[in-house]
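Colleague: just coords:
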């Protein structure tokens with residue numbers, strides 16, 4: 001299984017559905033240590049993304065998966081407030097840029113490099129490192145698990161499932177951390193004991209990828 005335009009669109013739609021289901025939980029997590037708008041912001045952003053995909057200006061299929069994911073990122077940047085819009089927007093734009101038009105659909109290893117580009121974009125923008133209690137703490141173990149699975153000979157479905165497990169463990173592991181970035185960092189020790197909302201939404205992103213590749 002390779003990452004073509006159809007699979008990329010299925011992934012984005014699956015993320016939008018997951019955000020719709022979980023936006024209240026994400027907002028609840030953010031209310032404890034942030035602005036309390038993470039879920040509502042992501043919901044607004046992915047609603048806008050779906051409107052683009054379903055509208056007359058949807059990316060052309062011959063643009064490949066990169067064009068669709070780049071457009072997703074651009075829409076998130078323009079429609080989502082707070083930190084999540086720029087962070088996820090830049091991530092999707094970087095993933096899209098790593099899948100240029102005119103290339104064959106990406107195999108599991110190639111898509112792993114695109115996911116790595118997404119993580120680099122997030123880290124460059126947010127200046128976050130593992131342990132800072134951000135979405136980096138979910139994306140990093142997701143990518144590590146994905147790459148380990150590919151190195152062991154796994155295809156995309158197996159690698160995506162491993163990434164989803166890594167992201168979910170990473171999100172849980174933010175609970176004992178003290179935040180060092182974003183509004184949560186203002187709370188100091190009071191941020192300990194709460195799951196980072198960005199890490200939680202990153203886990204949704206990777207679980208959506210696992211679900212749609214599992215068939």
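Modeller: Thanks, I have the structure now. Every value quoted in this text rests on a predicted model; they were computed, and no experiment measured them.
Colleague: hey, let's count contacts and neighbours off CA atoms from now on
Modeller: Will do.
Colleague: show me the helices in this structure, by range?
Modeller: With DSSP state H, the ranges of helices along the chain come out as 5-33, 38-53, 64-79, 84-97, 108-126, 136-151, 156-172, 197-214.
Colleague: ok, now which ones touch the residue of the chain most remote from its centre?
Modeller: What lies farthest from the middle of the chain is residue 189; by Cα atoms, centre = their mean that is 27.0 Å. Contacts for residue 189 (Cα atoms under 8 Å, 6 or more residues apart in numbering) come out as residue 178.
Colleague: so it versus residue 127, what's the distance?
Modeller: 21 Å (Cα to Cα, to the nearest Å).
Colleague: what does residue 62 give?
Modeller: Taking Cα to Cα, one finds residue 62 at 35 Å from residue 127.
Colleague: what do you get for residue 64?
Modeller: Counting by Cα to Cα, the gap from residue 64 to residue 127 is 30 Å.
Colleague: so for those two, which sits in the more crowded spot?
Modeller: Neighbours per residue, other Cα atoms under 10 Å: of residue 64 and residue 127, the larger number sits with residue 64, 23 against 12.
Colleague: with adjacent residues omitted, what lies nearest to residue 135?
Modeller: Nearest residue to residue 135, sequence neighbours excluded (Cα to Cα, 6 or more residues apart in numbering): residue 199, at 3.9 Å.
Colleague: thinking that neighbour is in contact with residue 137, fair?
Modeller: Yes: under the criterion of Cα atoms under 8 Å, residue 199 makes contact with residue 137 at 6.4 Å.
Colleague: shared neighbours of the two, which are they?
Modeller: In contact with both residue 199 and residue 137: 167, 170-171, 174, using Cα under 8 Å, 6+ apart.
Colleague: for those, pick the one with the most neighbours.
Modeller: residue 167 (32 neighbours).
Colleague: how near is that residue to residue 44?
Modeller: The gap separating residue 167 from residue 44 is 23 Å, by Cα to Cα.
Colleague: then residue 193?
Modeller: Note on residue 193: its distance to residue 44, by Cα to Cα, is 28 Å.
Colleague: tell me which of these two has more neighbours.
Modeller: Each of residue 193 and residue 44 has its neighbours counted (other Cα under 10 Å); residue 44 has more, 18 against 14.
Colleague: excluding chain neighbours, give the residue nearest to the more buried one in space.
Modeller: The shortest distance from residue 44 to any non-neighbouring residue, by Cα to Cα, 6+ apart, is to residue 80 (6.7 Å).
Colleague: wait, the one you found sits on residue 47?
Modeller: No: using Cα under 8 Å, residue 80 makes no contact with residue 47, being 10.3 Å away.
Colleague: against residue 73, how distant is residue 63?
Modeller: Relative to residue 73, residue 63 is positioned 15 Å away (Cα to Cα).
Colleague: neighbour count for those two, which is higher?
Modeller: Using other Cα under 10 Å, the more surrounded residue of residue 63 and residue 73 is residue 73, with 26 against 15.
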